[in-house]
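Participant: I need the structure of the sequence given here:
(chains A and B)
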Number of protein chains: 2
Amino acid sequence: MAREIERKFLVAGDGWRLGARGVSYRQGYLSAGEGASCTVRARVAGEHAWLTIKGPAAGGARDEYEYPIPVADAVEMLERLCAGGQIEKLRHRVPFAGRIWEVDEFSGENAPLIVAEVELESIAAEVSLPPWVGPEVTDDPRYTNAALARQPYSRWDRR
Amino acid sequence: MAREIERKFLVAGDGWRLGARGVSYRQGYLSAGEGASCTVRARVAGEHAWLTIKGPAAGGARDEYEYPIPVADAVEMLERLCAGGQIEKLRHRVPFAGRIWEVDEFSGENAPLIVAEVELESIAAEVSLPPWVGPEVTDDPRYTNAALARQPYSRWDRR
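Facilitator: Below is the predicted model:
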């Protein structure tokens, strides 16, 4: 098991785009109900695919298990088993101040959402924020990809 | 993807025991809610472990994807993520009339249940039934292992 520790921010500008090249991600959830103790994700990223299991999130950290699987299996799972909706996004890897930020530019029903994540060795680790990040949403469950698959950004109630 | 096609029977006698040697299975479900479109199973069998995804069952057949994973990962998943209960059983492989029958002898809260399964090339395939099998339960959802993890045999209402 790995331990995933990350902070997540909304993106407030275009400063990250210079030189960024996105990889196409398509993913869905085999298990991600409201009451589920964990999520099971099938992801196709470029020419590769993974099955990823994540435990419950607590304070920005969660257990994570990830296994490579055949792309054909992942595509079938997305089409046949991921009833709760799919996520499509471009993931850009953007270096800033010694860390790699992952900037996810969502398409489809989650456009025009853009979110930036940085993986940390501990939740208290010091991290320099790039000028193009906005409010932190680490603890906002609406911004998990599993939640965005169920309830896409374009359908949020903003009244 | 593989396609799992099998028939399942209760076991009515001890005729299968002669020469049978069981392998200890321990398994749990990361996803197996009532409304889930699929189940995700972590299984430790002897010295090996697997992660298995099965689609919805229909007429004895279901989609199945199976990947070997480290035993340590599977044990952690069983302990940390399989909220819905676990299955423990001895699985015996019993040859009969040219086919291998898997006889599952449940322990813990599912004792004294014993179930025999035979995998088929099609649901209509001809199969000779051993003298020690009883009623067929292929289409009874209570006997799926995912259901037995949630609602163990010893707690069934038999009034």
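
Participant: for chain A, what's the longest helix?
Facilitator: helix A:71-80 (DSSP state H).

Participant: Show me what the residue of chain A found nearest chain B is bridged to.
Facilitator: Closest contact between chain A and chain B, by CB to the nearest CB, is at residue A:31 (2.9 Å). (Each C-beta comes from the backbone N, C-alpha and C, glycine too.) Taking DSSP bridges as the rule, residue A:31 bridges to residue A:40.

Participant: Isn't it up against residue B:40?
Facilitator: Yes: Residue A:31 lies in contact with residue B:40 (CB atoms under 8 Å); the separation is 5.7 Å.

Participant: shared neighbours of these two, which are they?
Facilitator: A:40, B:30, B:31 (CB atoms under 8 Å, 6 or more residues apart in numbering or on different chains).

Participant: Sheet-wise, list the partners of whichever helix or strand comes after the longest helix of chain A with their directions.
Facilitator: Per DSSP states H and E, the first helix or strand lying C-terminal to helix A:71-80 is strand A:86-96. Paired strands of strand A:86-96, with direction, are strand A:22-31 (antiparallel), strand A:99-106 (antiparallel) (DSSP bridges).

Participant: List the buried residues in strand A:86-96.
Facilitator: Buried residues in strand A:86-96, counted by 16 or more other CB atoms under 10 Å in any protein chain shown: A:86, A:87, A:88, A:89, A:90, A:91, A:92, A:94, A:96.

Participant: Also stretch A:115-128?
Facilitator: A:115, A:116, A:117, A:118, A:120.

Participant: which phi and psi does the nearest residue to the last one once chain neighbours are set aside have?
Facilitator: Spatial nearest neighbour of residue A:120, excluding adjacent residues (CB to CB, 6 or more residues apart in numbering or on different chains): residue A:5 at 4.9 Å. Comment: the main-chain dihedrals of residue A:5 come out as phi -130, psi 120, following degrees, to the nearest 10.

Participant: got it, and residue A:110?
Facilitator: Dihedral angles (degrees, to the nearest 10) for residue A:110: phi -100, psi 0.

Participant: I figured it hits residue A:153, correct?
Facilitator: Yes: with contact defined as CB under 8 Å, residue A:110 and residue A:153 form a contacting pair (4.5 Å).

Participant: Who has more neighbours out of these two?
Facilitator: residue A:110 (25 against 18; other CB atoms under 10 Å in any protein chain shown).

Participant: got the contact list for the more buried one?
Facilitator: Counted by CB under 8 Å, 6+ apart, residue A:110 has contacts A:87, A:88, A:89, A:148, A:152, A:153, A:154.

Participant: Need the max-distance pair from those residues.
Facilitator: Farthest apart among the contacts of residue A:110 by CB to CB are A:89 and A:154. That separation is 13.5 Å.

Participant: Which of the contacts of residue A:110 sits closest to residue B:129?
Facilitator: residue A:87 (47.3 Å).

Participant: Kindly format the C-alpha coordinates of stretch A:95-103 as CSV.
Facilitator: Presented in CSV, the C-alpha positions along stretch A:95-103 are these (Å, rounded to 0.1, in the frame of the first residue of the first chain):
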residue,chain,number,x,y,z
PRO,A,95,6.9,22.0,-12.3
PHE,A,96,7.0,24.8,-9.7
ALA,A,97,9.5,25.6,-6.9
GLY,A,98,10.9,22.0,-6.8
ARG,A,99,7.5,20.2,-6.9
ILE,A,100,5.4,18.8,-9.7
TRP,A,101,1.9,20.2,-9.8
GLU,A,102,-0.8,18.2,-11.7
VAL,A,103,-3.2,20.5,-13.3
